[in-house]
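> I would like to see how this sequence folds:
(one chain, ligands or ions: 2)
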Amino acid sequence: MITMKDIIREGDPILREVASEVDLPPSEENKETLEEMLQYLKNSQDEQICDRYNLRPGVGLAAPQIGLSKRMLAVHFTDFNEKLYSYGLFNPRIVSHSVEKAYLTSGEGCLSVDREVPGYVPRYARVTIKATDLEGNEVKLRLRDFAAIVFQHEIDHLNGVMFYDHIDPDNPFKEPENAKPLDH
Ligand SMILES: CC(C)(C)[C@H](NC(=O)Nc1cc(F)cc(F)c1)C(=O)N(CC(=O)NO)CC1CCCC1
Ligand SMILES: [Zn+2]
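Ligands and ions are numbered 1, 2, ... in the order given. This is a model prediction of the structure:
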C-alpha cells in the first residue's frame, strides 16, 4: 500500500528527470504498480483510510513521485460536472491542444511539494491525450477545464516539470494571456 512515506518530495533529482517509456504490453509488475498508484488516490479520498494512514487527499499521481522514472500516471477525481475520471495510464501523451489557456484561480499544489507556492499556473484549456490503459487498450481522451489541468500537471511530472515552473516570477497573479480562470 502506498502511503506518504513513499511519496518523493521536491529536491529529489528524480522529479527533474524525463521518465522512460514503459514497454507494452505492460508487465505484471508495472500493472501492479499502476494499480497501487490508483489505489493510493482512492484511499486518500476515503475519510476513514485517509485518517488512519495520514494520507494527503490526491487527485493525481505520477510514477516519478513514488521514485519510478517511468511514464505512468494515475488520476481519480470527479470534475465540475460530476464526471468521474479514474484511470491508470501508460505512456500518456498530449496529441493536440487548444490555443486557449486555462488556470485554477486557487493556483496549484503538489503531493511532492510540502509548501504553498502562490500564483497562477497557465495550462491548455483543452487537450487530447493518447495512452494505454491498465487493460492494455489504447485510449484517446478529449479533456477540458479541471480534467485537462489534472492530466497536464501529471504529464509534466513525467517530463521533470513542476507546477511552479509555469508561474510568472515577476507577477505570479498576472492574468495569463488568452486564458480562462477556473474556480472550483
Ligand atoms: C496537491 C493537492 C492539493 C493534494 C492536489 N489536490 C487538489 O488539487 N485537489 C482538488 C483541486 C480542486 F481544484 C478541486 C478539488 F475538488 C480537489 C493534488 O492531489 N494534486 C495532484 C498532484 O500533486 N499530482 O502530482 C495537484 C493538483 C493541482 C492541479 C492538478 C492536480
Ligand atoms: Zn504534482
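> buried sites along stretch 101-118?
Within stretch 101-118, the residues that count as buried by 16 or more other CB atoms under 10 Å are K101, A102, Y103, L104, G107, E108, G109, C110, L111, S112, V113, V117. Where C-beta positions appear, they are placed from N, C-alpha and C, glycine not excepted.
> show residues contacting that stretch.
Here stretch 101-118 makes contact (CB atoms under 8 Å, 6 or more residues apart in numbering) with 7-10, 15, 56, 58, 61, 65, 119-125, 145-146, 148-149, 153, 157, 162-164, 167, 172-173, 176-184.
> so, in contact with ligand 1 or not, the longest strand along the chain?
In the chain, taking DSSP state E as the definition, the longest strand is strand 84-97. No. Strand 84-97 is not in contact with ligand 1 by CB under 6 Å from any ligand atom; minimum separation 11.5 Å.
> which element, helix or strand, includes the residue nearest the centre of the chain?
Residue closest to the average C-alpha location in the chain (CA atoms, centre = their mean): E154, at 2.5 Å. Applying DSSP states H and E as the criterion places E154 in helix 145-158.
> cool, M37 as well?
Going by DSSP H and E, M37 is part of helix 28-44.
> that helix and ligand 1, any residue contact?
No. Judged by CB under 6 Å from any ligand atom, helix 28-44 and ligand 1 are separated, with a smallest distance of 7.9 Å.
> any idea of the mean pLDDT in that helix?
Averaged across helix 28-44, the pLDDT comes to 98.
> now the helix or strand just after it: buried residues?
Note on helix 28-44: by DSSP H and E, the next helix or strand toward the C-terminus is helix 47-53. Applying a neighbour-count criterion of 16+ other CB under 10 Å, one finds Y53 buried in helix 47-53.
> give me the below-cutoff pLDDT ranges for the protein.
The model of the chain has no residue with pLDDT under 70.
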